[in-house]
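Trainee: Following is a predicted model, sequence given first.
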Amino acid sequence: MRAYKATVFKDTRWNRSWIVRWSELTDTGKRLRKSKAFKRQRDAQSFAARKTRELRGEVCQAADETDELILGLGDTPVSAFVDTYLERRKTDGLRAATLGLFRGSLSRLVSCFGPSRAIATITTDDLSRFLAEQRMLVDGRTDQPLAKSSRNGIIRDLRTMFSFAEAWGYLAKSPMTGIRMLKVHQDDKRGWYYFSPSDLRALLRAAPTLREKAVYAMAYGTGLRFGELFALQPEDIDLAEEYVHVRSRDGDACTPPFRIKDHERRSVPLPRYAARLTAGWMRRRPVGSPFLFITPERFAFIQARWQRLRARGEQWENRFLANNVVRDLKRHAKLAGIVPDASITMHSLRKSYGRNGARCLSPEVLQEYMGHSNVATTLTYYSKRGADDDAHARLVLDALFKGGPMQNAKLSDV
């Protein structure tokens, strides 16, 4: 069996040197264990990176007999590569929110292996142990393992990063090749609360202002994402044809830009109850904000933040448009007498739209309305069984058994 890795250890006996250890096989098949000492950690890691490439059969060049190394791309410290990677992906046009997710996952990697660890010395076994040891970062819950879905997010981010490292010549082969995604069972998934039509009616009665009523009706009736909802401007609403148009918008000196998640504009039918509430709000909304559901006071804060970000050369994120929305939604749900059995967020209204649409629309049409790039997302994440589904299933199956009328119900709708 051949060794493909040189490892670095701290000499704890003298506390003043770093040891690189590796093993080689002779022509007779005998294993020879070797080591080399260095005064500085970075020198040891550079040597280990070079030796690892040699063990893998790669050609490495030494400067002279003093064993001073000509550092290659594989000797790049992991922190330096992460900075380079994020900067290059930023120029690829990735949104600030996506870069933030990458940054969170990769900061865990740097914290685990240390900023000076050579990227070429990180192996599949190292990453497997790293993923298994990940814990939650929330205060008071740091002793709890990270959820499987969260670890899968880290796996996706690392796969992308190391595939770029391989393509750019930093690695001979990505160490993420042998790591599979974790299987997430239904019990492992975080639940979300389904708002039934009766819940929405109670929520609309409890909401104290016309603006909040229109926001909830629009979110439930069209399934818009958080950023899409609060980025709407009056010209995006077609009350005559009853459509809402979702489209990207460039920023200017006063107004920040808006970018759709999948970069494709779409038009979504606007239910009449949502159209009536929206029309009422459009007639009464105060002047001073270009956004439909954002007050002039909030828009002044948005302008100040946008100008600060522009001055620093930083990107705008859609989530900066509104705050305290989830807090208000939970408070209004409580006033409406809604007792949730799962998490309540603004995304719950979007998912409730998806579940309602799945019962009366084809997957392809619902995919277009919700703005998904893949129909598998529509089928996998935006359906949830409830008590009314069970009652509907009994109705259909009883009708089939008795040979009576189906009452406009299809078994495929269950």
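Mentor: Noted; the coordinates are in hand.

Trainee: can you list the domain ranges for this structure.
Mentor: As given by automatic domain parsing, the domain ranges for the chain are 7-71, 78-188, 197-381, 384-414.

Trainee: where in the stretch 151-300 of the chain is pLDDT low?
Mentor: Applying pLDDT under 70 to the stretch 151-300 of the chain picks out residues 185-190, 262-263.

Trainee: Would you map the strands across it?
Mentor: For the stretch 151-300 of the chain, the strands defined by DSSP state E, counting those that start in this stretch occupy 237-238, 243-246, 266-269.

Trainee: Export those as TSV, with columns for distance to Ser373 and mean neighbour count.
Mentor: C-beta here means a position set from N, CA and C on the backbone, and glycine is covered the same way. As requested, the strands of the stretch 151-300 of the chain are exported to TSV (distance: least, Cβ to Cβ, whole Å; neighbours: other Cβ atoms under 10 Å):
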stretch	distance to Ser373	mean neighbour count
strand 237-238	25	16
strand 243-246	14	20
strand 266-269	12	16
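
Trainee: With distance to Arg259 as extra columns, can I get these in TSV?
Mentor: Shown next, in TSV, are those (distance: least, Cβ to Cβ, whole Å):
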stretch	distance to Arg259
strand 237-238	20
strand 243-246	11
strand 266-269	14
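
Trainee: so how far is Thr160 from the most centrally placed residue in the chain?
Mentor: Among the residues of the chain, the one closest to the centroid is Leu101, at 5.9 Å (Cα atoms, centre = their mean). Going from Leu101 to Thr160 by Cβ to Cβ, to the nearest Å gives 11 Å.

Trainee: Could you do Thr209 as well?
Mentor: Thr209 sits 43 Å away from Thr160, taking Cβ to Cβ as the criterion.

Trainee: Mind checking which of the two has more residues around it?
Mentor: More neighbours surround Thr160 than the other of Thr209 and Thr160, with 16 against 10 (other Cβ atoms under 10 Å).

Trainee: tally of neighbours for the residue nearest to that one when sequence neighbours are not counted?
Mentor: With Cβ to Cβ, 6 or more residues apart in numbering as the criterion, Thr160 has its nearest non-adjacent residue at 7.7 Å, and that residue is Phe102. Using other Cβ under 10 Å, Phe102 is surrounded by 20 other residues.

Trainee: do the same with the one 4 residues further on
Mentor: Residue crowding around Leu106 was assessed by other Cβ under 10 Å; the count is 21.

Trainee: so it touches Thr84, yeah?
Mentor: No. Under the criterion of Cβ atoms under 8 Å, Leu106 is not in contact with Thr84, lying 11.3 Å apart.

Trainee: what about the longest helix in the chain?
Mentor: When the chain is parsed with DSSP state H, its longest helix is helix 148-167.

Trainee: Now do the same contact list for Gly74.
Mentor: Going by Cβ atoms under 8 Å, 6 or more residues apart in numbering, Gly74 touches Ala49, Arg50, Thr52, Arg53, Ala118, Ile119, Ala120, Tyr170, Leu171.

Trainee: let's see 10 Å
Mentor: Applying Cβ atoms under 10 Å, 6 or more residues apart in numbering, we find Gly74 in contact with 46, 49-50, 52-53, 58, 60, 81, 118-121, 165, 169-172.

Trainee: same thing with Glu241?
Mentor: For Glu241, the contact set (Cβ under 10 Å, 6+ apart) comprises Ser267, Pro269, Leu270.
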